[in-house]
Every structure is written in structure tokens, then in C-alpha cells.
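S.K.: any chance you could fold what I've pasted below:
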Amino acid sequence: MYYIGIDIGSTCAKVAVFKENDRQRLYWKTVQPTGWSSVDAAEKIKQELLASGMDVEQSCCVATGYGRISVPYAKKKITEITCHARGAVWLHQTSDLDVIDIGGQDTKIICIEGGSVRDFVMNDKCSAGTGRFLEVMANTMALRPDELCELARCGSGTAISSMCTVFAESEVISLIGKGEKKENIAFAVIESIADKVAAQSSRLQIGAKAVCLTGGLCECAYLKETLERKLECSVLTSSDGRFAGAIGAALSAQKN
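M.R.: You can find the predicted model right below:
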């Protein structure tokens with residue numbers, strides 16, 4: 001028996017698998033672009049699982065994320081908040097922590113106490129402070145998102161005032177036109193993301209207990225450092241942080 005968690009986000013689809021009677025070790029994982037169709041992404045995942053010897057019909061599968069309703073073979077669909085909380089607890093082996101999940105289109109701040117969600121906030125409809133914001137700015141600067149993050153470490157002294165992605169992009173274009181150094185613009189982009197996340201976090205007054213970063217941007221070391229400076233506390237990360245939602249879904253499959 002396999003317990004399969006599928007997290008179909010707006011940008012990437014993640015899969016995490018546990019084997020029966022083994023909650024301690026992640027058996028299998030994969031990530032792929034969601035593409036324009038969550039239905040197609042779900043079917044591609046199914047075929048990849050079958051090719052790896054895991055029959056979804058003979059396994060217990062739980063789906064979460066933006067495209068969870070597009071996974072017909074999932075036995076259950078669960079919200080991202082619940083799954084990211086369970087995944088973060090498993091990743092960091094603590095039942096009391098605050099989670100900052102920066103996704104492709106939204107950012108979630110989740111407070112967990114005793115292994116359960118106590119409270120949470122999500123960003124508004126604007127994509128500022130999300131992975132999409134970083135992607136748009138990186139494309140404008142002809143960089144990959146990871147390149148922008150590393151370049152930002154060398155910059156300083158520049159700010160982006162707009163919190164709207166469209167207007168912020170215009171600001172970046174204007175800064176490029178004025179001959180501003182790339183590293184300074186990159187610095188401004190990361191500062192803008194961190195400021196947005198810190199503003200959200202202040203609504204829940206996080207930092208009294210452990211704080212962890214999940215989502216695709218958890219691999220950006222400079223963003224983590226910037227958040228630590230803004231929040232005035234340490235921020236934990238994990239190499240499997242982007243799989244937190246999928247891990248939580250797989251644990252939910254195992255639980256049920």
C-alpha cells in the first residue's frame with residue numbers, strides 16, 4: 001500500500017509518497033510544472049506513478065492545492081492550509097511552529113499549536129510577495145529567479161515602492177532605463193517580497209515559537225536571510241520544503 005499526496009499548485013505540481021507502516025521516511029517524490037491544465041498535470045502524475053510501480057487505484061491518494069479538484073483518482077481533497085501544516089510539522093519534527101508558505105500565486109502564514117492549525121492569514125488577490133512576483137521581475141531583468149536571488153545579495157540602496165506587481169514591473173523597467181545596477185534592482189525585488197511577507201506575519205504576531213519557510217522560494221537562501229532580518233528571528237528551511245503540501249496530503253492519506 002502506498003500513501004500518495006498530490007499538491008497541484010498554480011505553478012508546480014508536487015507529489016510525495018509514503019509506504020505502508022513507514023511514516024518516518026519519504027519513499028518517493030517528484031515535481032513538475034502544472035502547465036495550463038491541472039487535469040493534464042494530474043493525468044501525467046498518474047502515468048508517472050504507474051511507471052514507478054505505484055498503482056493509484058490500489059493506493060490511498062489525497063489531493064490538495066489550487067488544482068485539487070482536478071485529480072479524479074484522489075480519495076479525498078483537503079485544503080492547502082491543513083496539508084502545509086501537517087507537512088511542516090513532519091519536516092521539522094515539532095508540533096508548535098509558524099509556517100510561511102510562499103507559493104506561486106499566494107502566500108500563507110499558518111500558526112500551529114499542538115500539531116493543529118490555530119490561525120492563518122493569506123495574501124489578498126494581488127500577487128505581490130509571491131513566487132509569481134519574483135518570476136515576473138526576473139523575466140523583466142532577463143534572469144532566472146534563482147539568479148535574481150543570488151544577485152540581490154550584492155545589491156543595496158534601491159527600493160520598489162509599489163506593492164502591485166504590474167506597477168512594480170513598471171518601476172523595474174524605469175530603473176533599468178535609468179541605468180541602475182542589476183544587483184541593486186534585484187535587492188529591491190527581494191526587499192519588496194520580504195516586506196510584504198513581514199506585513200502579513202505581523203497580523204499573527206509570529207516569532208514567539210519556531211518559524212519555518214516552505215514553498216518554492218524556501219530554496220532562496222538570501223530571501224530566508226532577509227526574512228530573518230525583517231522578522232527579527234531565525235527561519236528554518238528544509239531541502240524538501242517545497243513538498244510540504246504534498247507531504248501533508250500523503251500523511252492525511254495515511255491517517256485516513
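S.K.: switch to C-alpha atoms for all contacts and neighbour counts from now on
M.R.: Noted.
S.K.: so what's the residue nearest to residue 96 when sequence neighbours are not counted up against?
M.R.: Nearest residue to residue 96 in three dimensions, chain neighbours excluded: residue 113, at 4.5 Å (C-alpha to C-alpha, 6 or more residues apart in numbering). Counting by C-alpha atoms under 8 Å, 6 or more residues apart in numbering, residue 113 makes contact with 95, 96, 97.
S.K.: and what of residue 148?
M.R.: Applying C-alpha under 8 Å, 6+ apart, we find residue 148 in contact with 138, 183, 186.
S.K.: buried subset of those as a ChimeraX selection?
M.R.: Restricted to buried positions by 16 or more other C-alpha atoms under 10 Å, the ChimeraX selection for these reads:
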select :138,183,186
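S.K.: now tabulate the contacts of residue 148 in TSV and tack on pLDDT and distance to residue 32.
M.R.: Listed next are the contacts of residue 148 as TSV, based on pLDDT from 0 to 100; distance: C-alpha to C-alpha, whole Å:
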residue	pLDDT	distance to residue 32
138	94	20
183	97	29
186	97	26
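S.K.: with distance to residue 236 as extra columns, can I get the contacts of residue 148 in CSV?
M.R.: Output for those, formatted as CSV (distance: C-alpha to C-alpha, whole Å):
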residue, distance to residue 236
138, 25
183, 26
186, 23
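S.K.: closest one to residue 216 out of the contacts of residue 148, please.
M.R.: Taking C-alpha to C-alpha as the measure, residue 216 lies nearest residue 138 of the contacts of residue 148, at 14.9 Å.
S.K.: the closest one against residue 145, yeah?
M.R.: Yes - at 5.4 Å, residue 138 counts as touching residue 145 under the criterion of C-alpha atoms under 8 Å.
S.K.: kindly format the C-alpha coordinates of the helix or strand hosting residue 227 as CSV.
M.R.: Assessed by DSSP states H and E, residue 227 sits inside helix 221-231. Below are the C-alpha coordinates for helix 221-231, written out as CSV (Å, rounded to 0.1, in the frame of the first residue of the first chain):
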residue,chain,number,x,y,z
ALA,A,221,19.0,31.5,0.8
TYR,A,222,19.1,35.3,0.5
LEU,A,223,15.3,35.6,0.9
LYS,A,224,15.5,33.5,4.0
GLU,A,225,18.2,35.8,5.4
THR,A,226,16.2,38.9,4.5
LEU,A,227,13.1,37.5,6.2
GLU,A,228,15.1,36.7,9.3
ARG,A,229,16.2,40.4,9.4
LYS,A,230,12.7,41.7,8.9
LEU,A,231,11.1,39.3,11.4
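S.K.: off-centre distance for whatever helix or strand comes next after it?
M.R.: Following helix 221-231 in sequence order, the next helix or strand is helix 244-255 (DSSP H and E). Here helix 244-255 is found 15 Å from its chain centre; the criterion is C-alpha atoms, centre = their mean, to the nearest Å.
S.K.: check which helices and strands helix 244-255 sits against.
M.R.: Where contact means 3 or more C-alpha pairs under 8 Å, 6 or more residues apart in numbering; DSSP states H and E, helix 244-255 is packed against strand 2-8, strand 12-19, strand 60-64, helix 80-92.
S.K.: that concludes my questions; thank you for your assistance.
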